[in-house]
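Asker: Test case, fold it:
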Amino acid sequence: MLSRIAESLFWIGRYVDRADNTARLLDLHLNVLLEEPWVDEPTANAAMLSVMHLDHEGEATREMLLDILAYDPECSSSIAGALTSARENARRAREVISTEVWESLNTTWQQLGSRSRTRRPHTYFAWVRERAAVVWGLSGATTSRDDTWLFMDLGRSLERADMVARLLMTRSLAGTIGANWTTLLRSSAAHEAYLRRVRSLVSEERAAEFLLIDRQFPRSIAYNLSRAENILRDLDPDAQRHSPSAQARFALGRARSSLEYRQVREILDDLPAQMQAVQVACAGASDLISERFFQPAITVWSQEAV
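Answerer: Predicted coordinates for the structure are as follows:
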């Protein structure tokens, strides 16, 4: 497969999941602001922007937060920017993706302007989650399990591990007491799966364990780190120990092991630092994947959120 095609597929996976998870993050954040009458909203908004590693000038109002993270088509960390970039990458990889996947992304892009102009955030977030589910559903139903699927799934797995880590970091946002664990589970589409698996009321340690290290739930951090490791092994089975793909696997494996072989209470006591370590591992692995599989200086249409 041409490196430019592989790169486009990788970024389709990342950007579609980034849009989905940013919608979940913002929906959660706005709900916390509504439920806490004593919240210091500008401080909380500024903290949310810092979680996404974005700078701002002046007081961080709710309108500024939404403009930056929801509606700005030029910002690759925003919902609109991620969906726009996903469609552009799909256009570049049109020869290997199915007509159904292309049409779902193109339709989403065409509807983006009218959906964002309504300025009804929760309706907009629900639409984004729905469109991401459509894209992934059609991808799963129409894509052969060859390198095309592997590169898309690799991008999705890295992005999801990174974004779930950011979601959990909202527990420690300045200016708020943070979302409760039931709300976090619901924001991650994990509440029903948690109840079926754990069969008990939501508790801090059990909910954290489910989102951090459950190996069967597809939105947990450990599941996605492990999935990315396995995909890299499939893409480059003969990789030498010091090759970029092997180093990417090692970085992801260290991050996963650091969570799996640590007491949940220990992770919770240092949650921001632990989640930051997951993000660093994902960013480092992404750079190594680019070094191994993609030609440099091709992707000029988008940038990764740091």
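Asker: can we go C-alpha only for contacts and neighbour counts from here?
Answerer: Fine.
Asker: Now for S139: which residues touch it?
Answerer: S139 sits next to S98, E100, V101 when contact means C-alpha atoms under 8 Å, 6 or more residues apart in numbering.
Asker: give me that answer again for 10 Å
Answerer: Residues near S139 by C-alpha atoms under 10 Å, 6 or more residues apart in numbering: I97, S98, E100, V101, W102, S104, A133, W149, M152, D153.
Asker: In which helix or strand does it reside?
Answerer: Taking DSSP states H and E as the criterion, S139 maps to helix 121-142.
Asker: Most neighbours among the contacts of S139, please name it.
Answerer: Counting neighbours by other C-alpha atoms under 10 Å, D153 comes out on top of these with 26 neighbours.
Asker: Touching, it and I231? I think so.
Answerer: Yes: applying C-alpha atoms under 10 Å, one finds D153 in contact with I231, separated by 8.0 Å.
Asker: what separates the longest helix seen in the chain from the chain centre, distance-wise?
Answerer: In the chain, assigned by DSSP state H, the helix with the most residues is helix 3-35. Centroid separation for helix 3-35 versus its chain: 5 Å, with C-alpha atoms, centre = their mean, to the nearest Å.
Asker: Show me the shaky parts of the stretch 51-200 of the chain.
Answerer: Residue ranges of the stretch 51-200 of the chain with pLDDT under 70: 119, 174-178.
Asker: brain fart, the stretch 201-306 of the chain
Answerer: Scanning the stretch 201-306 of the chain for pLDDT under 70 picks out 296-306.
Asker: what's around V278, how many residues?
Answerer: V278 has 28 nearby residues by other C-alpha under 10 Å.
Asker: what helix or strand is it on?
Answerer: Here V278 sits within helix 271-293, counting by DSSP H and E.
Asker: Give the buried residues for that helix.
Answerer: Within helix 271-293, the residues that count as buried by 16 or more other C-alpha atoms under 10 Å are 271-272, 274-286, 288-290, 292-293.
Asker: who touches V51 in this structure?
Answerer: Neighbour list for V51: N45, M163, A165, R166, L167, M169, T170, L173, P272, Q276 [criterion: C-alpha under 10 Å, 6+ apart].
Asker: and if you look at L105?
Answerer: Taking C-alpha under 10 Å, 6+ apart, we find L105 in contact with 12, 16, 83-84, 86-91, 131-132, 134-135.
Asker: Return the closest of these with respect to Y261.
Answerer: Among the contacts of L105, V16 lies closest to Y261 (C-alpha to C-alpha), at 30.9 Å.
Asker: Wait, L184 touches S203, no?
Answerer: No: using C-alpha under 10 Å, L184 is not in contact with S203, being 11.7 Å away.
Asker: hey, where'd the helices end up in the stretch 101-250 of the chain?
Answerer: Listed in chain order, the helices found in the stretch 101-250 of the chain under DSSP state H, counting those that start in this stretch are 121-142, 147-169, 181-187, 191-198, 204-213, 221-235, 244-260.
Asker: export these to TSV and tack on distance to S114?
Answerer: TSV is the format used below for the helices of the stretch 101-250 of the chain (distance: least, C-alpha to C-alpha, whole Å):
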stretch	distance to S114
helix 121-142	10
helix 147-169	26
helix 181-187	25
helix 191-198	31
helix 204-213	34
helix 221-235	33
helix 244-260	39
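Asker: just these: most buried one?
Answerer: helix 147-169 (a mean of 24; mean count of other C-alpha atoms under 10 Å).
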